[in-house]
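Participant: Following is a predicted model, sequence given first.
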Amino acid sequence: MNFGAIQAIYRNEMMRFFRTLAQSFISPVISTSLYFVVFGAAIGSRIDQVEGVSYGAFIVPGLIMLSVITQAISNASFGIYFPKFIGTIYELLSAPVNFLEIVIGYVGAAATKALFIGVVILGTASLFVDLTIMHPFAMVAFLVLTCVSFALMGFIIGIWAGNFEQLQLVPLLIVTPLIFLGGSFYSISMLPPVWQTITLFNPVVYLISGFRWAFFGVADVPIGLSLLAIAAFTGLCLAVVWWIFKTGWRLRT
């Protein structure tokens, strides 16, 4: 394992993040505050509690997941697409660095950035509502796994994308709707039975449900299914990345 190569890639990606640290810090704080103003004041005044949890606290896990998933995809996709765009990807591919080290460097940096955003949102949310995390280790595990798995997905999108517009295509048209329809700001038990069944086909439901369980001990689906879902998704992304580097798909064009 070439740790020097991993460190170089990781440091280069993190330097780009630190150059806009103020923006990266302020943006989630403002967004989180607005969500609490809109959802907490407008909807929270009509919904006192959801499954025994105050509505303001109930939306925190979904709000964190919304930002973490989108940030992990965005950072990872741009991180690998930009070297393709300017042509430096060929220098990286010709260097004595294997695909695993490249993936660890880029995905690790993207996951770190998303994790930072998640921590900032959690800290901001604690200023608005009283939060008690029942299973802190499970919460950290779900958060880290989500950051890594969706950073892998963003890495795949970055390799697939042929232009900057395609970088936003999948996150905007597929991922973001799935997050909003995955119980981020409501419990799927509040839906009619037919829609509850349909919602269970949304993979994001299992991530948000497991993450919410870590906070409050309540979940829309069994915690075992949530763990199985995140493990399966991570394994699938790893398999796709391995296939990309094995075949050179979209890397040699």
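Facilitator: Thanks, I have it.
Participant: And the residue nearest the centre of this structure?
Facilitator: Centrality entry for the chain: nearest residue to the mean C-alpha point is I69, 1.9 Å, by C-alpha atoms, centre = their mean.
Participant: Contacts only, for that residue.
Facilitator: By C-beta atoms under 8 Å, 6 or more residues apart in numbering, the contact list for I69 reads 114, 146, 150, 175, 179, 204, 207. Yep, even glycine has a C-beta here, placed from its N, CA and C like the rest.
Participant: switch the cut-off to 7 Å
Facilitator: The contact partners of I69, by C-beta atoms under 7 Å, 6 or more residues apart in numbering, come to 146, 150, 175, 179.
Participant: what is the rounded mean pLDDT of the helix or strand where it lies?
Facilitator: Per DSSP states H and E: I69 is located in helix 55-86. Helix 55-86 carries an average pLDDT of 91.
Participant: Which positions within it qualify as buried?
Facilitator: Going by neighbour count (16 or more other C-beta atoms under 10 Å), the buried part of helix 55-86 is 55-84.
Participant: what's around A229, how many residues?
Facilitator: 19 (other C-beta atoms under 10 Å).
Participant: which one is it nearest to, not counting chain neighbours?
Facilitator: Closest residue to A229 apart from its sequence neighbours, by C-beta to C-beta, 6 or more residues apart in numbering: Y206 at 3.7 Å.
Participant: same question, F245
Facilitator: Of all residues beyond its chain neighbours, the one nearest F245 is F99 (3.6 Å), with distances taken as C-beta to C-beta, 6+ apart.
Participant: Could you report the pLDDT at that neighbour?
Facilitator: Note on F99: pLDDT of 86.
Participant: Check A138 too.
Facilitator: On the pLDDT scale, A138 is placed at 93.
Participant: ok, for it, nearest residue in space, not its chain neighbours?
Facilitator: A214 (4.1 Å).
Participant: With L227 instead?
Facilitator: Spatial nearest neighbour of L227, excluding adjacent residues (C-beta to C-beta, 6+ apart): G210 at 6.6 Å.
Participant: Could you give the number of residues near the one you found?
Facilitator: 29.
Participant: How much space separates it from G182?
Facilitator: Per C-beta to C-beta, to the nearest Å, G210 is found 12 Å from G182.
Participant: try T234
Facilitator: As for T234, its distance to G182 is 17 Å (criterion: C-beta to C-beta).
Participant: The two: which is more packed in?
Facilitator: Set side by side, T234 and G182 show more neighbours around G182, with 24 against 17, by other C-beta under 10 Å.
Participant: For the nearest residue to that one once chain neighbours are set aside, which residues are in contact?
Facilitator: Leaving aside its sequence neighbours, G182 sits nearest to V204 (C-beta to C-beta, 6+ apart; 3.5 Å). By C-beta under 7 Å, 6+ apart, the contact set of V204 is 178-179, 182.
Participant: wait, doesn't the residue nearest to F245 sit right on K246?
Facilitator: No - taking contacts as C-beta atoms under 7 Å, F99 lies outside contact range of K246: 8.1 Å.
Participant: Can you add distance to S94 and give the contacts of V204 back as CSV?
Facilitator: Below are the contacts of V204 laid out as CSV (distance: C-beta to C-beta, whole Å):
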residue, distance to S94
L178, 38
I179, 38
G182, 41
